[in-house]
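A.B. asks: no FASTA, just this:
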């Protein structure tokens, strides 16, 4: 014979359900994966522009506020600011004078020969930065593919 342990008052006290304390994260993960796939598919479409054949117009181009300052270093280390030769010792004074004459958003382009020492080019960039110019760009020839030195082909051990 089996023994019945229910209370005589109806037996409801023992059959009450306990609240579930776990969270089911499977639907959350499914929704997040679907959203991730949607963003992965649509993100490249947002970045790429629509190709448009623009019409010709007689309107003039918007005026540029200033032409950029060009600092050039040739293969022998000679320095030029906008085609004018400058001694390396006079560079900080010339840059300070240009800074006083230009606005806060003046652009500086640094052009250097490929055979120059990297330290010499970075010294000029440092002087430009010390003079207060914040928009500095290194100019390269983008029409040709980059050539690596022959020792770059050897594997690193």
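C.D. replies: Structure received. In this text, all values refer to a predicted model and were calculated from it rather than measured experimentally.
A.B. asks: confirm for me that residue 108 is in contact with residue 135.
C.D. replies: Yes: under the criterion of Cβ atoms under 8 Å, residue 108 makes contact with residue 135 at 6.7 Å. C-betas here are computed from N, CA, C, even on glycine.
A.B. asks: looking at these two, which is more packed in?
C.D. replies: A direct count of neighbours by other Cβ atoms under 10 Å for residue 108 and residue 135 places residue 108 higher, at 23 against 13.
A.B. asks: for the protein, which spans come out with low pLDDT?
C.D. replies: Scanning the chain for pLDDT under 70 picks out the ranges 1-15, 47-66, 103-104, 142-157.
A.B. asks: show me where it has helices.
C.D. replies: Assigned by DSSP state H, the chain shows helices spanning 26-47, 91-101, 118-130.
A.B. asks: for residue 81, find the nearest of those.
C.D. replies: With Cβ to Cβ as the criterion, residue 81 lies closest to helix 91-101 of those, at 5.9 Å.
A.B. asks: quick one, that closest one and helix 118-130 angle?
C.D. replies: Taking axes from the mean of the first three to the mean of the last three Cα atoms, to 10 degrees, one finds helix 91-101 and helix 118-130 inclined to each other by 30 degrees.
A.B. asks: from the contact counts, what lies against helix 91-101?
C.D. replies: On a contact count with 3 or more Cβ pairs under 8 Å, 6 or more residues apart in numbering; DSSP states H and E, helix 91-101 meets strand 79-81, helix 118-130.
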